[in-house]
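Chemist: Would you be able to build a 3D model of this:
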Amino acid sequence: YIVPGVLAKGTALCNATGAYNRAVSEHAVALTLMLMKKLYLYRDAQHQARWSDFGTVTSPVGATVVVVGLGAIGLQYARTLKAMGATIIGVKRRAGACPEGVDELVTTDALDTVLPRADVVFSILPNTKGTVHFYTEERFRRRGRDRAGAAARRPSPLAAGEHGHHAPHLRRLPPAPHLRVHRGHRLREPDALEKGRSVPECD
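Modeler: Below you'll find the model as predicted:
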């Protein structure tokens, strides 16, 4: 839109920065709790009329949560999990003062040093040249197996072929074909989920 001739002279450009901080961060918190409590497994069992026990679940109380991307959304998410009893490690590009609600702050080049300590990793990275293929299988492996992860991002930060539900060390929602909705409520799955696309983040 900023190329000369596209818009009339004097046109004002606006953005929605800050409009979705609460909505997106609360959605991410809900996904985190779903993963920690294995609610997606119990949802499927319920729809199949099965009474199942999927073993031990975890809690945000006492968990170490690594938040990659401490913009407005990441910080809101961090403060919410902090209020629930988690220890928060924030990851951002530049060093600075540790913001309220964050227990420890590191730069992105030190991410691999804190991943082994993480019970949960929340990523809210923008889609830039610097974040393309930011996450690789090797980086996932550093986290260990019994961990939860949630992401709000465009596909680029994940290396090709390593989207969340294919990474063996990251628990996420099953691939779209396995999602089921209770037909009694006449709900329809969003197109983005039906086609397996990722929903862009709001930054």
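
Chemist: C-alpha from now on. contacts and neighbour counts both.
Modeler: Fine.

Chemist: how near is Tyr42 to Ala30?
Modeler: 15 Å (Cα to Cα, to the nearest Å).

Chemist: neighbour count winner among the two?
Modeler: Neighbour count, other Cα atoms under 10 Å: between Tyr42 and Ala30, Tyr42 has more, with 17 against 13.

Chemist: This protein: helices as residue ranges?
Modeler: Assigned by DSSP state H, the helices in the chain fall at 21-36, 39-47, 72-83, 111-114, 137-141, 191-194.

Chemist: Can you lay out these as a markdown table showing mean pLDDT and distance to Thr58?
Modeler: Formatted as a markdown table, the helices of the chain follow (pLDDT from 0 to 100; distance: least, Cα to Cα, whole Å):
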| stretch | mean pLDDT | distance to Thr58 |
| --- | --- | --- |
| helix 21-36 | 94 | 5 |
| helix 39-47 | 95 | 12 |
| helix 72-83 | 96 | 14 |
| helix 111-114 | 93 | 20 |
| helix 137-141 | 80 | 19 |
| helix 191-194 | 42 | 26 |
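
Chemist: Now distance to Val121 too, for these, in TSV please.
Modeler: Putting these into TSV (distance: least, Cα to Cα, whole Å) gives the following:
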stretch	distance to Val121
helix 21-36	9
helix 39-47	18
helix 72-83	11
helix 111-114	10
helix 137-141	10
helix 191-194	22
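
Chemist: ranking those by burial, who's on top?
Modeler: helix 72-83 (a mean of 21; mean count of other Cα atoms under 10 Å).

Chemist: Packing partners of that helix?
Modeler: helix 21-36, strand 64-68, strand 87-92 (3 or more Cα pairs under 8 Å, 6 or more residues apart in numbering; DSSP states H and E).

Chemist: The same query, at a cut-off of 6 Å, please.
Modeler: Applying 3 or more Cα pairs under 6 Å, 6 or more residues apart in numbering; DSSP states H and E, we find helix 72-83 packed against helix 21-36.

Chemist: Helix 72-83 and the helix it packs on, what's the angle between them?
Modeler: On the basis of axes from the mean of the first three to the mean of the last three Cα atoms, to 10 degrees, helix 21-36 is oriented at 50 degrees to helix 72-83.

Chemist: Residues contacting helix 21-36, please?
Modeler: Helix 21-36 is contacted from outside by Val57, Thr58, Ile73, Tyr77, using Cα atoms under 6 Å, 6 or more residues apart in numbering.
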